[in-house]
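S.K.: sequence plus predicted model, see below.
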Amino acid sequence: MLPAYIPNNAAAIFGKGTPLDFNRSWRGNRIFGDGKTIRGTIFGILFGILTAIFLNILNQHFSSVLGIDFPIFPIVVAVGIPIGSLLGDAFASFIKRSLNIPRGHSMPLLDQLDFVIGSLSLAFIISPVWFFETFSMPIILTIFLLTPILHLCINAIGYLMGIKKVPW
């Protein structure tokens, strides 16, 4: 799941500049808000792709040493998972803005699982065979149980480093 986890962190670190929604509104509310930027999206996708490629390279060595088969990310999946991650995150921002929830305010579970749902959904759409070879039901359940905990820990670290304005 690293290619899905990394894009949001990279987007937070590098995301300054022009908002994805170009400051446009829908029904009186910003579409995504200032937290979703073109630059952050580009860097997030790039770092997600690089993470998948790096994992593919590591996989060749560690699979044989550990005797465990790790997933190989075909290029379409290596590109799709980070895109899906950021699409899920942007969709959650759209929902929050539509409900008049200001930027930085928490919406439990949506904030922690939006990118997981987006990345898994896009991976399933673009490569269902790879998806079913890679993700069993116990793995998916583990992802959905552990991701909120990991997400909160990483956000707390980002907050302490001054990268994020709120610790969630």
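M.R.: Nice, thanks for sending it over.
S.K.: now do the helices in the protein.
M.R.: With DSSP state H as the definition, the chain shows helices at residue ranges 2-14, 38-66, 75-98, 110-126, 128-134, 137-160.
S.K.: out of these, which is closest to residue 30?
M.R.: helix 75-98 (5.2 Å; CB to CB). All C-beta spots, glycine's among them, are computed from the backbone N, C-alpha and C.
S.K.: tell me the helices and strands packed up against the closest one.
M.R.: helix 2-14, strand 29-30, helix 38-66, helix 110-126 (3 or more CB pairs under 8 Å, 6 or more residues apart in numbering; DSSP states H and E).
S.K.: could those be laid out in CSV, adding mean pLDDT, distance to residue 92 and mean neighbour count?
M.R.: Putting the helices and strands packed on helix 75-98 into CSV (pLDDT from 0 to 100; distance: least, CB to CB, whole Å; neighbours: other CB atoms under 10 Å) gives the following:
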stretch, mean pLDDT, distance to residue 92, mean neighbour count
helix 2-14, 94, 11, 22
strand 29-30, 94, 14, 17
helix 38-66, 93, 14, 16
helix 110-126, 97, 4, 20
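S.K.: related to what we said a few turns ago, can you list the helices of the chain in JSON lines and add distance to residue 28?
M.R.: What follows is the helices of the chain, written out as JSON lines (distance: least, CB to CB, whole Å):
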{"stretch": "helix 2-14", "distance to residue 28": "26"}
{"stretch": "helix 38-66", "distance to residue 28": "23"}
{"stretch": "helix 75-98", "distance to residue 28": "10"}
{"stretch": "helix 110-126", "distance to residue 28": "21"}
{"stretch": "helix 128-134", "distance to residue 28": "38"}
{"stretch": "helix 137-160", "distance to residue 28": "29"}
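S.K.: out of those helices, flag the one nearest residue 31.
M.R.: Going by CB to CB, the one of the helices of the chain nearest residue 31 is helix 75-98, 6.1 Å.
S.K.: in that closest one, what counts as buried?
M.R.: Of the residues in helix 75-98, those scored as buried under the neighbour-count criterion (16 or more other CB atoms under 10 Å) are 77-94, 96-97.
S.K.: what sits closest to residue 12 if chain neighbours are left out?
M.R.: In space, not counting the residues next to it along the chain, residue 12 is nearest to residue 163; the distance is 5.6 Å by CB to CB, 6 or more residues apart in numbering.
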